[in-house]
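Participant: My questions are about this predicted structure, shown below with the sequence.
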Amino acid sequence: MHRFEELKIWQKAMNVTENCYILTAEFPKEEKYNLTSQIRRSATSIPSNIAEGAGRNSDGEFKQFLGISNGSSFELLTQLYLTERLNLSSRKRIQLIKELFEVCKMNYSLQKSLL
C-alpha cells in the first residue's frame with residue numbers, strides 16, 4: 001500500500017484536475033451538462049484511480065488502476081483538443097495539455113517500476 005498523497009503523480013494529477021475546473025468555468029452555460037461535465041469527470045478520474053490503486057493490496061492491482069488513470073488522461077486530452085476545435089478554450093488549455101502529458105509520462109514510468 002502506498003500513501004497516495006505523497007506520490008508526485010497524484011499531486012500533478014490533482015493540479016491538472018483543478019486547472020480543468022478553472023478552464024471549464026469559462027465555458028458557455030449551455031456546455032454545463034455536456035463538455036464541461038465530461039472534462040471534469042475525466043480529469044477527476046485521473047487522480048482518483050491513482051489513489052484507489054495505491055490503496056490496493058498488490059503492485060499488480062496498483063498497475064491496473066494506473067492503466068485506467070492513463071485511459072482517463074487520453075480521454076481528457078481528446079476533450080481538450082475538442083475545446084480548441086470549438087473555440088472554447090484559451091491559452092490555459094495549452095499549459096494544461098503540457099501538464100497532462102507530464103502526468104502520462106509519470107504514469108508510464110511508475111507502471112514500469114511496478115513490474
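Facilitator: That came through, no problem. This is a predicted model, so every value here is computed, not measured.
Participant: T36 contacts E26, doesn't it?
Facilitator: No. Using CB atoms under 8 Å as the test, T36 is too far from E26 to be in contact (9.7 Å). C-betas here are computed from N, CA, C, even on glycine.
Participant: For the protein, give me the ranges with low pLDDT.
Facilitator: Applying pLDDT under 70 to the chain flags residues 1.
Participant: Looking at T36 and E26, which has the bigger crowd around it?
Facilitator: A side-by-side neighbour count of T36 and E26, using other CB atoms under 10 Å, places T36 first with 23 against 11.
Participant: That one: which element?
Facilitator: Using DSSP states H and E, T36 sits within helix 35-54.
Participant: How far does that helix sit from its chain's centre?
Facilitator: The chain centroid and the centroid of helix 35-54 are separated by 6 Å under CA atoms, centre = their mean, to the nearest Å.
Participant: wait, isn't G55 in contact with R3?
Facilitator: No. G55 is not in contact with R3 according to CB under 8 Å; the separation is 9.5 Å.
Participant: Between these two, tell me which one has more neighbours.
Facilitator: Ranked by neighbour count (other CB under 10 Å), G55 and R3 place G55 first, with 14 against 10.
Participant: coming back round to it: could you tell me which residues within the helix or strand that the helix holding T36 is followed by count as buried?
Facilitator: Per DSSP H and E, the first helix or strand lying C-terminal to helix 35-54 is helix 59-85. For helix 59-85, the neighbour count (16 or more other CB atoms under 10 Å) marks 62-66, 68-70, 72-73, 75-77, 79-80, 83 as buried.
Participant: Which neighbouring elements make contact with helix 59-85?
Facilitator: Judged by 3 or more CB pairs under 8 Å, 6 or more residues apart in numbering; DSSP states H and E, the packing partners of helix 59-85 are helix 8-24, helix 35-54, helix 91-113.
Participant: neighbours of the closest residue to N70 other than its chain neighbours, just the number please.
Facilitator: The shortest distance from N70 to any non-neighbouring residue, by CB to CB, 6 or more residues apart in numbering, is to N107 (4.9 Å). Per other CB under 10 Å, the neighbour tally for N107 reads 21.
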